[in-house]
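A predicted structure for the sequence below; I have some questions about it.
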Amino acid sequence: QVQLVESGGGLVQAGGSLTLSCAASGSIFSIIKMGWYRQTPGKQRELVAVVTSGGSTSYADSVKGRFTISRDKEKNLVYLQMNNLKPEDTAVYYCNAGLIARVFEPASEHWGQGTQVTVSS
């Protein structure tokens, strides 16, 4: 079993900052990528940022220049530093990992339980 546990969400005023953390644990042979998605009621979950095993990063246009994703490969941690937050960033943020749990198994995708980020105007 693989578990992803997020932390760091909360309430912040517009212009403020928050850092989300996600720890992956359990049966993990190799992590291919880790990332963050977010979702608001009635809308589809959308990609916020992703970092690959090689260190390449990708961001949604709406967060470029404000959010930074980073990863501690040794500890299976991923972070999302969020600066200059806006009310439209309010959402439940989900950690995501694409990984191989055991040798010779196909890659699988896993999700955390989500953490609420609320930005007040």
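Now that the structure is in, tell me what you want to look at. Numbering: from 1, shown residues only.

now stretch 16-24, how far from the centre of its chain.
Here the centre of stretch 16-24 is set off from its chain's centre by 8 Å, with C-alpha atoms, centre = their mean, to the nearest Å.

What are the buried residues along that stretch?
Buried residues in stretch 16-24, counting neighbours by 16 or more other C-beta atoms under 10 Å, are found at 18, 20-24. Bear in mind the C-beta positions are built from the backbone N, C-alpha and C, glycine included.

Retrieve the pLDDT associated with the closest residue in space to L4 that isn't next to it in sequence.
Nearest residue to L4, sequence neighbours excluded (C-beta to C-beta, 6 or more residues apart in numbering): G112, at 3.7 Å. Looking at G112, its pLDDT stands at 97.

Mind listing residues that contact stretch 7-18?
19-22, 81-87, 93, 115-121 (C-beta atoms under 8 Å, 6 or more residues apart in numbering).

one more time with 6 Å
Here stretch 7-18 makes contact (C-beta atoms under 6 Å, 6 or more residues apart in numbering) with 19-21, 82-87, 115-121.
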